[in-house]
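Undergrad: Model the structure of this input:
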Amino acid sequence: MKKRVLAFLSGAKSKIPPRFRWRLPFFYGLGLILSLVLVFLYGLFPSLSACSKLFGQEFCTPAGIFLFLILSIPGYFVVGNLFPFLDNAAWIISFVLVVVASCLFYYLLGILFEKYGRASSQDKIKILVFSAFFVLLILLVLLLF
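TA: Numbers count the residues shown, from 1 in each chain. The predicted structure follows:
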């Protein structure tokens, strides 16, 4: 039994992409598949729900939907703020745009990890500070429009 488990794990490890730029979107896709499975299991087990507080308001949702929302926060942020005209769009178009934007975000984050993953500690701190200012600048620009 132990040999079978080790063989399965070594086979699964060979399917994981070797570079971070592909690894993060790959795990994002696995998370989306897991969230879909959890949504289907919610029909059999209604106790598979997750509760959270947002702005002082508690809400509960199926665990699969909650996982999808958490994984796709970058896509919601980008699509929700850059495409305000999509309020009348079909849900499938919004869904695809959110998934594509999240996947693109994770791809770019993987490139950043590859490029600066072996940098010195001071360089990593500089990157973190510049990234924080960049995100705040984007937030400011999005709030002005």
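
Undergrad: Strands along this structure, start to end?
TA: For the chain, the strands defined by DSSP state E cover 49-54, 57-62.

Undergrad: Would you quantify the distance from Tyr116 to Ser131?
TA: Tyr116 sits 10 Å away from Ser131, taking C-beta to C-beta, to the nearest Å as the criterion. Where C-beta positions appear, they are placed from N, C-alpha and C, glycine not excepted.

Undergrad: do Phe105 as well
TA: Counting by C-beta to C-beta - Phe105 and Ser131 are separated by 13 Å.

Undergrad: out of those two, which sits in the busier spot?
TA: Neighbour totals were compared for Phe105 and Ser131, and Phe105 leads with 19 against 11 (other C-beta atoms under 10 Å).

Undergrad: Who are the contact partners of that one?
TA: Shown in contact with Phe105 (C-beta atoms under 8 Å, 6 or more residues apart in numbering): 74-75, 78.

Undergrad: Let me know the closest of the residues you listed to Phe59.
TA: Distance to Phe59 across these (C-beta to C-beta) is lowest for Gly75, with 19.8 Å.

Undergrad: my guess is that closest one meets Ala101, correct?
TA: Yes: if you go by C-beta atoms under 8 Å, Gly75 and Ala101 touch, sitting 3.9 Å apart.
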